[in-house]
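Chemist: the following block contains a protein sequence and its predicted model.
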Amino acid sequence: MLLKRIQEYEPRVASVNGLRVALQSGPVTHDDFFRPSGVLHNTIVRAKQFNQYFEKGIPVLAQGEHRGVALNQGQTACLVANMFLCTIPDDRSYRGGRCFLNEQNFASLLGTVGQPQETAKLHCFLAYLRDLGRPSPSPRPAPSYFSAPNPPESVR
């Protein structure tokens with residue numbers, strides 16, 4: 001059921017077997033994820049706030065541009081929730097075929113099995129999404145993201 005819903009937004013997602021493995025071995029269990037008011041429910045609630053947080057779209061730092069973008073906790077949570085659910089629109093469709101986000105969703109991560117580092121990444125994101133549903137003892141600082149000045153040709 002989850003796979004079919006994700007595929008409505010991102011048809012390239014072939015499986016969620018990586019997520020299944022992560023839920024069997026990590027800090028977030030299958031029950032924690034799927035129960036009412038669980039991690040999946042809270043992730044969907046966060047993802048639905050996209051238009052509230054990103055009225056003008058996701059801020060993108062252009063290559064070679066020397067400026068920063070600060071995202072508050074709500075924006076960060078919303079962005080990660082949408083990436084997890086694979087609901088961020090593919091920006092290639094309106095940018096002349098060029099993609100300005102390396103990976104705008106977790107399509108490959110959700111399906112990857114047999115690679116412990118990928119399972120560990122999912123564990124981290126699942127724990128983050130779980131913790132968003134808990135009261136925070138103190139405000140979290142807003143992360144800042146900066147563009148890298150002129151990366152080498154080999155990574156372009």
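Modeler: Structure received.
Chemist: tell me what the longest helix along the chain is packed against?
Modeler: Using DSSP state H, we find that the single longest helix of the chain is helix 116-132. Helices and strands touching helix 116-132, by 3 or more CB pairs under 8 Å, 6 or more residues apart in numbering; DSSP states H and E, are helix 17-25, helix 39-47, helix 73-85, helix 107-111. C-beta here means a position set from N, CA and C on the backbone, and glycine is covered the same way.
Chemist: so that helix versus helix 17-25, what angle?
Modeler: Interaxial angle, helix 116-132 versus helix 17-25 (axes from the mean of the first three to the mean of the last three CA atoms, to 10 degrees): 70 degrees.
Chemist: got the contact list for helix 116-132?
Modeler: 18-19, 21-23, 25-28, 32-33, 39, 42-43, 46, 77, 80-81, 84, 106, 109-110, 112 (CB atoms under 8 Å, 6 or more residues apart in numbering).
Chemist: closest to residue 62 out of the helices and strands packed on helix 116-132?
Modeler: Ranking the helices and strands packed on helix 116-132 by proximity to residue 62 (CB to CB) places helix 73-85 first, at 18.2 Å.
Chemist: please compute how far the closest one lies from its chain's middle.
Modeler: Between the centre of helix 73-85 and the centre of its chain there are 6 Å (CA atoms, centre = their mean, to the nearest Å).
Chemist: buried sites along it?
Modeler: 75, 76, 77, 78, 79, 80, 81, 82, 83, 84, 85 (16 or more other CB atoms under 10 Å).
Chemist: could you do stretch 27-43 as well?
Modeler: 28, 29, 32, 33, 38, 39, 40, 42, 43.
Chemist: same list (those residues) but as CSV, adding distance to residue 128 and pLDDT.
Modeler: Below are the buried residues of stretch 27-43 laid out as CSV (distance: CB to CB, whole Å; pLDDT from 0 to 100):
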residue, distance to residue 128, pLDDT
28, 10, 95
29, 16, 95
32, 13, 94
33, 13, 95
38, 14, 93
39, 10, 95
40, 14, 95
42, 11, 94
43, 10, 95
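Chemist: just the closest of the residues you listed to residue 2, please.
Modeler: residue 40 (7.5 Å).
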